[in-house]
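Undergrad: here is a sequence together with a model predicted from it:
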Amino acid sequence: MKRLQTAAIALIFLHSPAAAATSQWVETPGGDVRLVALPAGADGVVRAMIDIRLHDGWKTYWRDPGGSGIPPSIAISGAELKSIGFPAPKRLGDQENHYIGYDRPVRFPLKLDKAAGGAITATVFLGVCKDICIPVQAELTVDSIGESFANPLEETAIADAEATLPGGSGDGFKPLSGRFAADDKSLTVRFEAPADGELPDVFLSGSSTFEFGAAGPVRRDGNVFVAEVPVLHKPKVFDLAKDPIRLTVRSGEKTMESPLAIE
């Protein structure tokens with residue numbers, strides 16, 4: 001279980017009543033959260049998002065917080081959750097207590113599989129932090145019965161959220177390889193990134209049983225960038241073909257995310 005290092009802890013459990021295609025905002029001391037969903041497409045796929053409106057000075061966590069913090073958890077009822085998208089995060093905190101996450105409002109795009117109309121509920125569990133960290137649990141419900149056309153504002157908001165997600169290989173980015181150290185305490189990552197950009201920052205994530213720390217300083221090896229990433233927990237059994245380790249790289253405003261081939 002990931003550790004939570006806080007000055008104080010409180011738990012907020014809140015419900016959001018059903019609305020047509022956008023839930024009401026659930027308000028918390030550190031930020032507000034809502035669910036937005038578009039009508040299902042012809043293929044039954046619903047584009048949606050979890051919208052987190054952080055208050056000034058508050059932060060929340062990425063899917064792998066780096067050993068300290070609460071990774072966001074999203075469970076869906078009334079539809080099948082196909083995917084969750086995460087914008088590239090930042091390093092936060094200080095040398096003694098650093099973590100990986102977001103320090104401004106953030107949206108997590110969702111893809112849901114729903115063959116018929118009806119209510120969709122997202123049970124969201126996340127941490128928001130400032131001087132204290134507050135684990136927040138909220139139930140957010142939308143009801144798309146009778147909805148056949150997307151609200152233009154909701155459609156634009158979800159499209160904007162999807163546009164914040166990292167791109168794949170290309171535009172100067174290319175994942176090369178990863179190799180675990182003999183003691184399994186670190187993983188060496190090799191990749192290409194735009195040579196004229198800022199020095200890249202590296203983040204790793206895997207299945208829920210992997211835990212990675214914040215990467216050490218990135219160095220250049222010819223035309224290749226290299227980083228050492230602490231491995232906080234490596235499961236005894238895993239299937240990287242089914243659930244690969246994902247490399248996320250940020251270089252200035254440019255970002256990439258791609259499966260990483262492990263040697």
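TA: Here it is on my side, so go on.
Undergrad: what about the helices in the chain?
TA: Secondary structure of the chain (DSSP state H): helices at 152-163.
Undergrad: report the central residue of it.
TA: The residue lying closest to the centre of the chain (Cα atoms, centre = their mean) is residue 86, at 3.2 Å.
Undergrad: mind checking how far residue 67 is from residue 35?
TA: Distance check for residue 67 against residue 35: by Cβ to Cβ, to the nearest Å, it reads 29 Å. All C-beta atoms are positioned from the backbone trio N, CA, C, and that covers glycine.
Undergrad: for residue 192, same thing?
TA: For residue 192, the distance to residue 35 equals 38 Å [Cβ to Cβ].
Undergrad: which of the two has more neighbours?
TA: residue 35 (27 against 17; other Cβ atoms under 10 Å).
Undergrad: burial of the residue lying closest to that one once chain neighbours are set aside, as a residue count?
TA: What sits nearest to residue 35 in space, not counting adjacent residues and going by Cβ to Cβ, 6 or more residues apart in numbering, is residue 140, at 3.7 Å. By other Cβ under 10 Å, 28 other residues sit near residue 140.
Undergrad: who's residue 140 bridged to?
TA: Note on residue 140: beta-bridge partners residue 16, residue 122, judged by DSSP bridges.
Undergrad: can you pull the contacts of residue 176?
TA: With contact set as Cβ atoms under 8 Å, 6 or more residues apart in numbering, residue 176 has these partners: 190, 191, 192, 224, 261.
Undergrad: rerun at 10 Å
TA: Residues counted as contacts of residue 176 (Cβ atoms under 10 Å, 6 or more residues apart in numbering) are 189, 190, 191, 192, 224, 225, 226, 247, 260, 261, 263.
Undergrad: any idea how far it lies from residue 246?
TA: 14 Å.
Undergrad: and if you look at residue 36?
TA: Distance of residue 36 to residue 246, computed by Cβ to Cβ: 25 Å.
Undergrad: one more: residue 211?
TA: 14 Å.
Undergrad: who touches both of these two?
TA: 64, 204, 205.
Undergrad: and residue 134, what's its pLDDT?
TA: At residue 134, the predicted lDDT confidence score is 89.
Undergrad: check residue 103 too.
TA: As predicted, residue 103 sits at a pLDDT of 96.
Undergrad: I'd say it and residue 62 touch.
TA: No. Counting by Cβ atoms under 10 Å, residue 103 sits too far from residue 62 to count as a contact (11.3 Å).
Undergrad: which of the two has more neighbours?
TA: Set residue 103 next to residue 62 and count neighbours by other Cβ under 10 Å: residue 62 wins out with 23 against 15.
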